[in-house]
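1. Turn this into a structure:
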Amino acid sequence: MLTAAPVTPARAQGSIGISLADDGGERDDPRSTKYVVEQADPGERIERTIEIANDSSKTVTVDSYVGGAVVGGTGFDLDDGDDAEIVTWSRVAPATVELAAGARAEATVTISVPADTRPGERYGVVWAQVAGGDGRVVNRVGIRMFVLIGDGDSDLLVTAMTPYRDDQGRGAVDVEIQNIGERALDVSGTLRLDDDVHAEEPETAIGAAPTIAPGARGVATARFERGPPNGPWVATVELDANGDDYEATARFTFPPLENERGDAALATMVDEDGVPFVLVLLATTLIVAVVATSWRLRARS
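-> Residues are numbered from 1 along each chain as shown. As a prediction, this is how the structure comes out:
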């Protein structure tokens, strides 16, 4: 298995590029504008169109194919073996094109899912590459593939937030995320601090976490450029994951010293109306208890 830098559509001057040339895929997922994000049933066939560009100053021969990938503890990792399921299901036609300087060509990626395929998400990369005279790859670019077999949704829980300070005393917060859905998650967002003392509410972006596999945990980190004071603070995290919005809160205090970690604070998810999930759960439990008691009373009478 090979771990590499993030695989994204690329088009740099003096090289080849690859990108999606159609508007298919899961349109409610913003990743579908740059990645192959699909849902299919066993026995179904998917077709996507890609564009390959030669931005170099000479004619090149470009080979295109589908390679494997996995989502694990370090995120989206490449698996260049040829035995991955998505590799055996997929082909690119034409697989080889000759492109003059500045030219472009389209190709079709076909994914044929066998009828006996078990449910779950598969990962891969559509590659375009140029080899040198000795056969070694000199330029390779790719598009990530997220193909869910069967039904499933994206979902997550923010389980905890841990404040700490770096070696310069700047505050940071590790946001712990549990993927409770059926799709791998790409997460981004913001973290805001609030209290009853400071007029300013410090806010900062949350750095993108490595892609989180279904059932796995991941950590996204929010870093402040300066400060903030120790607190205590009420932190509000607003996340975007595969196009869905999530919010969670936690109460914590930053440690006073550099290179020191504070205590992890349990997080509470908040629904779209701003109501903590724990209150919704308590209210639902109370309603169920009242209904059950009512039925028991009726039965006794």
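2. Please, where are all the helices along the stretch 151-300 of the chain?
-> Assigned helices in the stretch 151-300 of the chain, in chain order: 277-300 (criterion: DSSP state H, counting those that start in this stretch).
3. Can you list the low-confidence ranges for it?
-> 196-200, 272-300 (pLDDT under 70).
4. ok, now with 90
-> Residues of the stretch 151-300 of the chain meeting the criterion pLDDT under 90: 195-202, 207-209, 226-227, 270-300.
5. mind listing the strands for it?
-> Under the criterion DSSP state E, counting those that start in this stretch, strands of the stretch 151-300 of the chain are mapped to 156-165, 171-179, 187-194, 203-206, 217-223, 233-241, 244-252, 260-261, 265-266, 268-270.
6. Of all those strands, which one is nearest residue 100?
-> Closest approach to residue 100 among the strands of the stretch 151-300 of the chain (C-beta to C-beta): strand 187-194, 38.9 Å. C-beta coordinates here come from the backbone N, C-alpha and C atoms, glycine included.
7. mind exporting that closest one as PDB, just the C-alpha atoms?
-> The C-alpha trace of strand 187-194 is given here as PDB (Å, rounded to 0.1, in the frame of the first residue of the first chain):
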ATOM      1  CA  VAL A 187     -15.000  17.400   7.200                       C
ATOM      2  CA  SER A 188     -14.400  21.100   7.400                       C
ATOM      3  CA  GLY A 189     -15.900  23.900   9.500                       C
ATOM      4  CA  THR A 190     -15.400  26.600  12.100                       C
ATOM      5  CA  LEU A 191     -15.100  26.800  15.900                       C
ATOM      6  CA  ARG A 192     -16.300  29.800  17.900                       C
ATOM      7  CA  LEU A 193     -15.700  30.700  21.500                       C
ATOM      8  CA  ASP A 194     -18.200  32.500  23.700                       C
END
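8. Would you point out which residue is most central in the protein?
-> The C-alpha lying nearest the average C-alpha coordinate of the chain belongs to residue 186 (C-alpha atoms, centre = their mean; 1.4 Å).
9. Switch the strands of the stretch 151-300 of the chain over to TSV; also include mean neighbour count and distance to residue 108.
-> Shown next, in TSV, are the strands of the stretch 151-300 of the chain (neighbours: other C-beta atoms under 10 Å; distance: least, C-beta to C-beta, whole Å):
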stretch	mean neighbour count	distance to residue 108
strand 156-165	20	34
strand 171-179	22	32
strand 187-194	20	31
strand 203-206	16	37
strand 217-223	18	34
strand 233-241	20	30
strand 244-252	19	30
strand 260-261	13	51
strand 265-266	16	49
strand 268-270	18	42
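10. now those in a markdown table, with distance to residue 119?
-> What follows is these, written out as a markdown table (distance: least, C-beta to C-beta, whole Å):
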| stretch | distance to residue 119 |
| --- | --- |
| strand 156-165 | 20 |
| strand 171-179 | 16 |
| strand 187-194 | 23 |
| strand 203-206 | 31 |
| strand 217-223 | 22 |
| strand 233-241 | 21 |
| strand 244-252 | 20 |
| strand 260-261 | 39 |
| strand 265-266 | 32 |
| strand 268-270 | 26 |
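11. For residue 116, find the nearest of those strands.
-> Comparing those by C-beta to C-beta, strand 171-179 comes nearest, at 26.5 Å.
12. could you say what helices and strands that closest one packs with?
-> Judged by 3 or more C-beta pairs under 8 Å, 6 or more residues apart in numbering; DSSP states H and E, the packing partners of strand 171-179 are strand 156-165, strand 187-194, strand 217-223, strand 233-241.
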